[in-house]
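Visitor: mind folding the following:
(one chain, ligands or ions: 2)
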Amino acid sequence: MKVLIVGSGGREHALAWKVAQSGRVEQVIVAPGNGGTATMRKCRNAEVEVDDIYGLLQLAEREDVDFTLIGPEAPLVAGIVDRFAAADMRCFGPSAEAAQLEGSKAFAKQFMDRHGIPTAAWAEFDQVEPALSHLEKQSYPLVIKASGLAAGKGVIIAEDRAQAESAIRNMLEMQQFGSAGAAIVIEEFLHGEEASFIVMADGTDFIEFATSQDHKRVHDGDQGPNTGGMGAYSPAPVVTPQLRQQVLDQVIRPTLEGMRADGISYTGFLYAGLMIGSDGNIRVLEYNCRLGDPETQPLMLRLQSDLVDLVQAALQHRLADTKPHWHSKPALGVVMAAQGYPGEYAQDLAIGGKLHSTPECAVFHAGTSLRDGQLVSSGGRVLCVTALGDDLQQARDRAYQRIDEISMDQAHYRQDIGHRALGKL
Ligand code: AMP
Ligand code: GLY
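Guide: Numbers count the residues shown, from 1 in each chain. Ligands and ions are numbered 1, 2, ... in the order given. Now for the predicted structure:
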């Protein structure tokens, strides 16, 4: 079999690594891929960007791939799955209509209200004045979000009214996020602990993935600006068996059934970003129509089932008879970023040392590329060093030990990945 994976991050390297382990797979093509997927066994890169849907379809047809797996949200929201389906090519992910759950925060909030799915109180605006008047009745912190896709940068936590006002003006007047910020959502700030709950859906049935938790802030102790994610581990002990049931009953089933009731069949990964309050109430912060990055990296280390079997079962609507198996061992991944990320950061930083992957410790690449045979950084998040352990502490020790054996100029990584879970154990 030949599989095409679309994307260039750590998530896609982890997916390619897992797909390549399938005995049925001869070749994995990653478009555009990174320095890690360029050199991995059974794997090669193709120079087609993730937003070049026509180019990706041509690539899939030319290579006669058995199916295509999409990593990031942008091509999904742009309709890659519909385009492939029209050409009779198998592509796993939601249609453009279904991907609106991530592509439009206003759509997602209306959907949640309509179907009784718990989320923060909100209001939508596309004009400055009504948005500013709305601030009069609000308390702080307050969350201002660009409704459309803004590459993870469109959420502002305003600590006071002045910050809220400038966020509103930046989005609606200055068009800071272009058309993604032409409409905004202003919502109540939720307190609690976040968790990522991911399922795989086939239009009718779904299977749960193991739980996980990301670390959004750039610095230790959850300080500093939000990033795409600085590290993740699985499972997330905050999701107790009782809470898991609550998430299934209050969020996952009503979401998939609500989509169906609205005439939209949801196929693909569905990621509910949850806030778990100290009172045990859960609320949906956001939906993603894809796997998380970096959550996928520890998840792929823990997944014992063949990922190709799971994707094929989903494409053939057989998930009702499918059960994924997970290592009971936890896994934890630490992102090595370039100093300065998520702001300005240097590129072309030389990377060396012990970069090979084993079943217990994988070095997944994100922003890396090969330049004249030398591995260099080409993005803000550069590597995600991910390890399994008998317990979370061992997984974490292994990941950090490996980081010590990797050399990267101007590397920045958090020292405290897993702190919430370890505090609970
Ligand atoms: P989103 O893209 O909506 O997930 O937002 C990105 C991150 O912003 C979330 O993972 C949270 O850390 C934070 N966030 C978003 N909405 C809220 C909210 N209503 N209350 C508190 N934090 C939020
Ligand atoms: N790690 C968060 C996300 O993928 O959206």
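Visitor: buried residues, stretch 231-242. List them.
Guide: Gly231, Ala232, Tyr233, Ser234, Pro235, Ala236, Pro237, Val238, Val239 (16 or more other Cβ atoms under 10 Å). Quick note: C-beta positions are derived from backbone N, CA and C, even for glycine.
Visitor: also stretch 343-359?
Guide: Tyr345, Leu349, Ile351, Leu355, Ser357.
Visitor: in the chain, where is pLDDT below threshold?
Guide: 424-425 (pLDDT under 70).
Visitor: which residues of it lie near ligand 2?
Guide: By Cβ under 6 Å from any ligand atom, the residues of the chain that approach ligand 2 are Asp214, Gly229, Asn288, Gly292, Asp293, Glu295.
Visitor: so how far is ligand 1 from the spatially most central residue of the chain?
Guide: With distances taken as Cα atoms, centre = their mean, the residue of the chain nearest its centroid is Gly292 (1.9 Å). According to Cβ to the nearest ligand atom, to the nearest Å, Gly292 stands 10 Å off from ligand 1.
Visitor: can you name the residues that contact that residue?
Guide: Listed by Cβ atoms under 8 Å, 6 or more residues apart in numbering, the contact partners of Gly292 are Arg11, Ser196, Ile198, Ser212, Asp214, Gly229, Ala232, Tyr271.
Visitor: so what's the fourth one up against?
Guide: Residues in contact with Ser212, defined by Cβ under 8 Å, 6+ apart, are Ala195, Ser196, Ile198, Ala232, Tyr233, Ser234, Pro235, Ala236, Gly292, Glu295, Pro298, Leu299.
Visitor: near ligand 1, which residues of the stretch 101-250 of the chain?
Guide: Checking the stretch 101-250 of the chain against ligand 1 by Cβ under 6 Å from any ligand atom, the hits are Ala120, Val143, Lys145, Val155, Glu187, Glu188, Phe189, Leu190, Glu194, Lys216, Asn226.
Visitor: now, the contacts of Gly292 that are in helices?
Guide: Arg11 (DSSP state H).
Visitor: most widely separated two among the contacts of Gly292?
Guide: Using Cβ to Cβ, these span at most 13.4 Å, a distance reached by Ile198 and Gly229.
Visitor: hey, what's in contact with both of those two?
Guide: With Cβ under 8 Å, 6+ apart, Ile198 and Gly229 have common neighbours Gly292, Glu295.
Visitor: please pick the buried ones from the residues of the stretch 101-250 of the chain next to ligand 1.
Guide: Ala120, Val143, Lys145, Val155, Glu187, Leu190, Glu194, Lys216, Asn226.
Visitor: what's the closest of those to Ser328?
Guide: So of these, ranked by how close each gets to Ser328 (Cβ to Cβ), first place is Glu194, at 23.6 Å.
Visitor: now do the SS call for that closest one.
Guide: Under DSSP: H, G, I helix; E, B strand; the rest coil, Glu194 falls in the strand class.
Visitor: so it touches Tyr271, yeah?
Guide: No. Using Cβ atoms under 8 Å, Glu194 is not in contact with Tyr271; the gap is 11.9 Å.
Visitor: follow-up on the earlier one: mind listing which of the buried ones among the residues of the stretch 101-250 of the chain next to ligand 1 are in strands?
Guide: Val143, Lys145, Val155, Glu187, Glu194, Asn226 (DSSP state E).
Visitor: which residue packs closest to the last one, ignoring adjacent ones?
Guide: Leaving out its chain neighbours, the residue that sits closest to Asn226 by Cβ to Cβ, 6 or more residues apart in numbering is Lys216, at 4.8 Å.
Visitor: cool, the fifth one as well?
Guide: Closest residue to Glu194 apart from its sequence neighbours, by Cβ to Cβ, 6+ apart: Met275 at 5.8 Å.
Visitor: element containing the nearest residue to Leu307 once chain neighbours are set aside, please.
Guide: Ranked by Cβ to Cβ, 6+ apart and with sequence neighbours excluded, the top spatial neighbour of Leu307 is Lys18, at 4.7 Å. Lys18 belongs to helix 10-20 when assigned by DSSP states H and E.
Visitor: ranges for the strands of the stretch 301-425 of the chain?
Guide: All strands of the stretch 301-425 of the chain, identified by DSSP state E, counting those that start in this stretch, fall at 331-338, 351-353, 361-365, 368-371, 374-377, 381-388, 406-408, 411-412.
Visitor: what do you get for the stretch 1-150 of the chain?
Guide: Under DSSP E, counting those that start in this stretch, the stretch 1-150 of the chain gives strands at 2-7, 27-32, 43-45, 67-70, 91-92, 122-125, 142-146.
Visitor: and the helices in the stretch 201-350 of the chain, which stretches?
Guide: Ranges of helices in the stretch 201-350 of the chain, per DSSP state H, counting those that start in this stretch, are 241-247, 253-261, 296-302, 307-315.
Visitor: list the buried ones in the last one?
Guide: Which is helix 307-315. Leu307, Val308, Leu310, Val311, Gln312, Ala313, Ala314, Leu315.
Visitor: the third one is in contact with Ile207, isn't it?
Guide: It refers to Leu310. Yes. Using Cβ under 8 Å, Leu310 is in contact with Ile207, at 7.2 Å.
Visitor: now do the shared contacts for the two.
Guide: By Cβ under 8 Å, 6+ apart, the residues touching both Leu310 and Ile207 are Met200, Thr322, Pro324.
Visitor: touching, Asn288 and Thr255? I think so.
Guide: No. Using Cβ under 8 Å, Asn288 is not in contact with Thr255, being 12.0 Å away.
Visitor: who are the contact partners of the closest residue to Glu208 other than its chain neighbours?
Guide: Ranked by Cβ to Cβ, 6+ apart and with sequence neighbours excluded, the top spatial neighbour of Glu208 is Val199, at 5.3 Å. Val199 makes contact with Phe206, Ile207, Glu208, Phe209, Ile252, Phe269, Leu270, according to Cβ under 8 Å, 6+ apart.
Visitor: which residues sit against stretch 270-286?
Guide: So stretch 270-286 is contacted by 94, 101-102, 105, 108, 112, 117-120, 190-201, 206, 238-239, 243, 246-247, 250-252, 255-256, 287-292, 295 (Cβ under 8 Å, 6+ apart).
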